[in-house]
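K.L.:
need a structure here:
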Amino acid sequence: MTTRSAQTSTQTTAPVVELDAHDLTPGGQAWCPHPKAGMSAWNSHPRVFLNLSSGQAQCPYCGTVYRLKTVPAVHSV
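P.N.:
I've put the predicted structure just below:
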């Protein structure tokens, strides 16, 4: 007889960091670890640059999602 133990999986949500245009490189990229993500560069993964042309990107090392902040539309009357 074979017994199976129940496996529990904990699903964690990746942190989401919203960035302004001034948080990006001159080429429009974000980098991880980013100061706004609350990670120290000295004890984290290697720096990677992320393309935000679609509005968001996810770090392949830690899973942090970087998203461009949406600017509210200004309506003139």
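K.L.:
residue nearest the centroid of the chain?
P.N.:
The chain has residue 65 as the residue nearest its centroid, 2.2 Å off, counting by C-alpha atoms, centre = their mean.
K.L.:
Okay, and the beta partners of that one?
P.N.:
For residue 65, the beta-bridge partners under DSSP bridges are residue 16, residue 58.
K.L.:
Contact partners for it?
P.N.:
14, 15, 16, 17, 56, 57, 58, 59 (C-beta atoms under 8 Å, 6 or more residues apart in numbering). Every residue, glycine included, has its C-beta placed from N, CA and C.
K.L.:
Which ChimeraX command selects the buried ones in those residues?
P.N.:
Buried members of those can be picked out in ChimeraX with the line below, counting by 16 or more other C-beta atoms under 10 Å:
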select :17,56,57,59
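K.L.:
CSV please, covering the contacts of residue 65 and showing pLDDT and distance to residue 46.
P.N.:
Below are these laid out as CSV (pLDDT from 0 to 100; distance: C-beta to C-beta, whole Å):
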residue, pLDDT, distance to residue 46
14, 77, 18
15, 89, 18
16, 94, 21
17, 94, 18
56, 94, 21
57, 96, 16
58, 96, 16
59, 95, 11
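K.L.:
Okay then, goodbye and thanks.
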